[in-house]
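Engineer: Predicted structure and sequence below. I'll ask about it afterward.
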Amino acid sequence: MNIDEAICDGCGNCIPQCVEGALKIVKGKARIVKEDYCDGLGACLGRCPRGAISIVERETTPFDENAAQKHLKEIQIQRAKSQWPVKLNLVPVEASFLHNAHLLVAADCIPVALRSFHTTLLQRMTVLIGCPKFDDAEAYAEKLSQILRRNDVARVTIAHMEVPCCSGLWWVVDKAVHAAGKDIPVRRYVVTVAGEINEV
């Protein structure tokens with residue numbers, strides 16, 4: 001596999017598709033962590049909107065399934081250890097788990113209202129939760145903009161409830177991304193009171 005860094009914009013769409021964990025965003029570009037973690041099947045190919053990923057024939061280290069599995073376990077252990085705290089107003093601006101992260105900014109009602117939260121949204125993401133109704137939305141926006149400025153965040157996904165007070169979280173993310181001055185892809189999901197999830 002080859003990644004053309006001149007084309008790659010670091011959107012991170014390829015990262016969740018690599019079940020071996022062979023890809024990572026480094027300094028705003030997708031990179032192969034280690035050649036023997038990549039199985040070469042190309043699950044990430046169709047996920048690059050810019051066409052920066054291609055399969056090429058070249059001499060490389062062969063795929064090592066045992067090494068890839070060990071690598072994935074290390075990632076899971078590291079995430080389990082490092083993903084704390086989760087409240088946006090408590091997370092340190094330069095926490096180690098924010099570097100190269102795909103952030104999920106979620107309303108704190110979402111994990112309860114959406115039964116499939118862990119399988120549909122949380123997988124391989126760093127979560128920040130908050131409530132724009134009961135907390136200071138301006139402070140949230142400032143905190144999140146600092147996080148985005150100081151860390152090489154690959155993408156931001158926002159999830160909030162369909163009720164009007166919860167949509168303030170979208171305002172928080174939008175303001176923070178603009179204030180950070182970075183071109184960070186943002187995906188938005190709305191969860192209904194019936195527990196259904198829709199991408200906006």
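Structural biologist: Thanks, I have the structure now.

Engineer: drop to CA atoms for contacts and neighbour counts, all remaining ones
Structural biologist: Noted.

Engineer: so where does residue 169 fall, helix or strand?
Structural biologist: Element membership of residue 169, judged by DSSP states H and E, is helix 168-180.

Engineer: Show me what that helix is packed against.
Structural biologist: Packing contacts for helix 168-180, counted by 3 or more CA pairs under 8 Å, 6 or more residues apart in numbering; DSSP states H and E, involve strand 102-107, helix 137-150, strand 155-161.

Engineer: how far is that helix from where the chain is centred?
Structural biologist: For helix 168-180, the gap between its own C-alpha mean and the chain's C-alpha mean amounts to 16 Å (CA atoms, centre = their mean, to the nearest Å).

Engineer: Now do the following helix or strand past it against helix 168-180, angle only.
Structural biologist: Beyond helix 168-180 on the C-terminal side, the first helix or strand identified by DSSP H and E is strand 186-191. Angular relation of strand 186-191 and helix 168-180 on a 0 to 180 degree scale: 170 degrees, by axes from the mean of the first three to the mean of the last three CA atoms, to 10 degrees.

Engineer: Would you list the strands that strand 186-191 pairs with, along with their directions?
Structural biologist: When sheet partners are counted by DSSP bridges, strand 186-191 sits next to strand 155-161 (parallel), strand 197-199 (antiparallel).

Engineer: What average pLDDT does the last one get?
Structural biologist: Mean pLDDT, computed over strand 197-199, is 92.

Engineer: ok, back up a step: could you identify which of the strands paired with strand 186-191 is most buried?
Structural biologist: Stretch with highest mean neighbour count among these: strand 155-161 (a mean of 24; mean count of other CA atoms under 10 Å).

Engineer: Now do the contacts for residue 48.
Structural biologist: Taking CA atoms under 8 Å, 6 or more residues apart in numbering as the definition of contact, the neighbours of residue 48 are 13, 14.

Engineer: So for residue 13, which of the helices and strands packed on helix 168-180 sits nearest?
Structural biologist: Distances from residue 13 to each of these were compared by CA to CA, and the smallest falls on strand 155-161, at 8.3 Å.
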